[in-house]
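1. What would the 3D arrangement of this be:
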Amino acid sequence: MKIGLVGTMSVGKTTLAKALGETDRFKDHSVQTERSKYLRDLGIPLNTDSTLKGQFVFLAERASELFHDNIITDRTIWDVAAFTLSAKSIKDWEKRDFVSAAMHLREQYDVVIYVSPDGVNVEDNGIRETDVEYRKKIDIVIKMLLEEYKPTKLITVSGTTEQRIATILQNI
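-> Residues are numbered from 1 along each chain as shown. This next block holds a predicted model:
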């Protein structure tokens, strides 16, 4: 099963992916987490500084994960598309073409889990964007994309990691 977690920054996607991978139900799944620090150190702009080339690198990461049969990933094509649509340096027509191409991969995910930011404070890990308004903007764009480009199966989670896992296990 290919499971992708989607949500704005600092909502606990990585924590949830790792916790899911430790459950009996998903012990045979590999857990993939984004390599933001590694990519930033390569000179690839992140967050509000995203460039078209950088977004293609992020999309390639997401596409490469989809070659695995049993995977839990803490990012999806919807995340990449939301950051692309929100980037100031990318032209509107490039954004549209990029999102259209990326969404051809949406049916590759068996389950997409939207992780709500409700009740979760922004945490500064030294890499991610901490601007609360930008975080809200990304969340709005992600929800819009999930509506326009519906995944095969969508589960929405909120609350503690334990509550999120319980919701996922009940709905898979």
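2. The host helix or strand of residue 79: how far from the chain's middle?
-> Using DSSP states H and E, residue 79 maps to helix 77-86. In terms of Cα atoms, centre = their mean, to the nearest Å, the gap separating the centre of helix 77-86 from the centre of its chain is 9 Å.
3. what mean pLDDT would you report for it?
-> If you average the pLDDT over helix 77-86, you get 96.
4. Give me the helix or strand of the chain that scores worst on average pLDDT.
-> Every helix and strand of the chain was ranked by mean pLDDT, DSSP states H and E. The lowest is helix 36-41, at a mean of 59.
5. before we move on, the earlier item: packing partners for the helix holding residue 79?
-> Counting contacts by 3 or more Cβ pairs under 8 Å, 6 or more residues apart in numbering; DSSP states H and E, helix 77-86 is packed against strand 2-6, helix 52-65, helix 92-102, helix 132-148. (Glycine included, C-beta is placed from N, CA and C.)
6. what's downstream of the longest one, the next helix or strand?
-> On the C-terminal side of helix 132-148, the nearest following helix or strand under DSSP H and E is strand 154-157.
7. Walk me through which strands that next one pairs with, and which way each runs.
-> strand 111-115 (parallel) (DSSP bridges).
8. how about the partner strand as CSV, C-alpha atoms only?
-> Output of strand 111-115 as CSV, limited to C-alpha atoms (Å, rounded to 0.1, in the frame of the first residue of the first chain):
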residue,chain,number,x,y,z
VAL,A,111,-4.4,6.4,0.5
VAL,A,112,-3.7,10.1,1.1
ILE,A,113,-3.9,11.4,4.7
TYR,A,114,-4.6,15.1,5.1
VAL,A,115,-3.0,16.2,8.4
